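Asks: the following block contains a protein sequence and its predicted model.
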Amino acid sequence: MKKPAVWFEESCIKCAMCAEEASEVIDFIETVGPQVKEGVDIAPHSEKIKRAAQFCPKDSIKHRL
Amino acid sequence: MSIMSDAYMKMFPMEAEKKISAGKRNPVLDVPEFNRAWNLYRDTSLDIMKRYEYMAQCVNFTDKDTAAIKESKDVIAANLKAILDHIYYEKLINDPWLSRWFRDETGKIAKEYVDIRRARQQRFLLKILECKWDEEFWNFVRWVGAVHVPIFGFEDLYIPVRLNLALWGYIHQYLFNLFAQELKNDPEKLRRITTAWTKLFWIIIDIYHIDYFGPWM
């Protein structure tokens, strides 16, 4: 089974909502956009990541959970 | 009276006199109901769940209303894009005052920013439709209001209360017209849903503005 992962597509408009919804996993850097926090265990936060993806206005959040 | 209090009164005779405030004495202070009201005021200022519970009880927002909000999901979900487009692309960016916050430094509408704000509004509506009236939800509502004042949002951002009320009022009437259109064949359902949303709007408007005012306002 592959390791859980989260990534962002180029369509992201940097609204930062994903970092608000799943702050345990996602950082928002103004100049870069959303970033997955280094070394964080994604699996326990899968519900929050799904929620962040649901609210993403551009469907830019992709995940394997 | 104890010996100690007797001695105290002799030292400070003015303390033995009946207390009368500088103005007219307020008889309310003497009745237990005042303490109940004071506790309510204090608790609803400090505890957001108590604030919600008190407001819900005042406007009679019950489980039946929650059920009615859930019932309205189908209508809203089917029209979500149109509702948001209408609020943002018809109203906000065309209103001479409201649109001020959606323009770039050249005065043109900042489309990408409008998209971001529209997405945030969508999240707000979706969270309402989840009908989880818990601390997390009400803190979210409070936070959304708070970021419209300079303390918690951007330093140069202050959205006047009248504009918040104007937009909430606009959304209110837009949703109600939508419900009236979609539910015209079921007047009882229409009554349930519009009643529930009216109550909810008032509670949201109260909590949204917590950080706009001192708690006594």
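Replies: In hand now; what should we look at? Numbers count the residues shown, from 1 in each chain, chains lettered A, B, ... in the order given.

Asks: what about the helix or strand hosting residue B:197, average pLDDT?
Replies: Residue B:197 is located in helix B:187-208, with elements delineated by DSSP states H and E. Mean pLDDT, helix B:187-208: 97.

Asks: for that helix, packing partners?
Replies: helix B:48-59, helix B:63-71, helix B:135-146, helix B:161-182 (3 or more C-beta pairs under 8 Å, 6 or more residues apart in numbering or on different chains; DSSP states H and E). No exception for glycine: its C-beta is placed from N, CA and C like everyone else's.

Asks: state the distance from residue B:154 to chain A.
Replies: 13 Å (C-beta to the nearest C-beta, to the nearest Å).

Asks: the helices and strands packed on helix B:187-208: which one's closest to chain A?
Replies: helix B:135-146 (9.2 Å; C-beta to the nearest C-beta).

Asks: give me the phi and psi for residue A:23.
Replies: Backbone geometry at residue A:23, expressed as degrees, to the nearest 10, gives phi -70, psi -20.

Asks: burial of it, as a residue count?
Replies: Residues within reach of residue A:23, counting by other C-beta atoms under 10 Å in any protein chain shown, total 14.

Asks: re the thing from before, take the helices and strands packed on helix B:187-208 and write them to TSV, including mean neighbour count.
Replies: Output for those, formatted as TSV (neighbours: other C-beta atoms under 10 Å in any protein chain shown):
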stretch	mean neighbour count
helix B:48-59	16
helix B:63-71	15
helix B:135-146	17
helix B:161-182	15
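
Asks: dump the ones you listed to CSV, plus distance to chain A and mean pLDDT.
Replies: Shown next, in CSV, are the helices and strands packed on helix B:187-208 (distance: least, C-beta to the nearest C-beta, whole Å; pLDDT from 0 to 100):
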stretch, distance to chain A, mean pLDDT
helix B:48-59, 18, 97
helix B:63-71, 18, 97
helix B:135-146, 9, 94
helix B:161-182, 19, 94
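
Asks: for these, which one sits closest to residue A:31?
Replies: Nearest of those to residue A:31, taken as C-beta to C-beta: helix B:135-146 at 24.3 Å.

Asks: before we move on, back to that, okay if I get the helices and strands packed on helix B:187-208 as JSON lines plus distance to residue B:188?
Replies: Listed next are the helices and strands packed on helix B:187-208 as JSON lines, based on distance: least, C-beta to C-beta, whole Å:
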{"stretch": "helix B:48-59", "distance to residue B:188": "21"}
{"stretch": "helix B:63-71", "distance to residue B:188": "11"}
{"stretch": "helix B:135-146", "distance to residue B:188": "28"}
{"stretch": "helix B:161-182", "distance to residue B:188": "13"}
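
Asks: the helices in chain A, which residues?
Replies: A:17-21, A:46-55 (DSSP state H).

Asks: packed most tightly, which of the ones you listed would that be?
Replies: Sort these by mean neighbour count, taking mean count of other C-beta atoms under 10 Å in any protein chain shown, and helix A:17-21 sits at the top with a mean of 21.

Asks: if we can go back for a sec, of all the helices of chain A, which one comes closest to chain B?
Replies: Closest to chain B of the helices of chain A, according to C-beta to the nearest C-beta: helix A:46-55, at 4.5 Å.

Asks: now the residue of chain B found nearest chain A: closest residue in space that isn't a chain neighbour?
Replies: Chain A sits closest to residue B:119 of chain B, with a gap of 3.2 Å, by C-beta to the nearest C-beta. Distances taken as C-beta to C-beta, 6 or more residues apart in numbering or on different chains put residue A:57 closest to residue B:119, at 3.2 Å, once the chain neighbours are dropped.

Asks: next, the contact list for whichever residue of chain A sits closest to chain B, please.
Replies: Nearest residue of chain A to chain B, counting by C-beta to the nearest C-beta: residue A:57, 3.2 Å away. Applying C-beta atoms under 8 Å, 6 or more residues apart in numbering or on different chains to residue A:57 gives the contacts A:13, A:15, A:17, B:115-116, B:118-119, B:122.

Asks: pull up the residues of chain A that are close to chain B.
Replies: By C-beta under 8 Å from any C-beta of the partner chain, the part of chain A that sits against chain B consists of A:13-15, A:17, A:54-57.

Asks: dump those to a markdown table, plus pLDDT.
Replies: Formatted as a markdown table, these follow (pLDDT from 0 to 100):
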| residue | pLDDT |
| --- | --- |
| A:13 | 86 |
| A:14 | 86 |
| A:15 | 87 |
| A:17 | 91 |
| A:54 | 88 |
| A:55 | 87 |
| A:56 | 90 |
| A:57 | 84 |
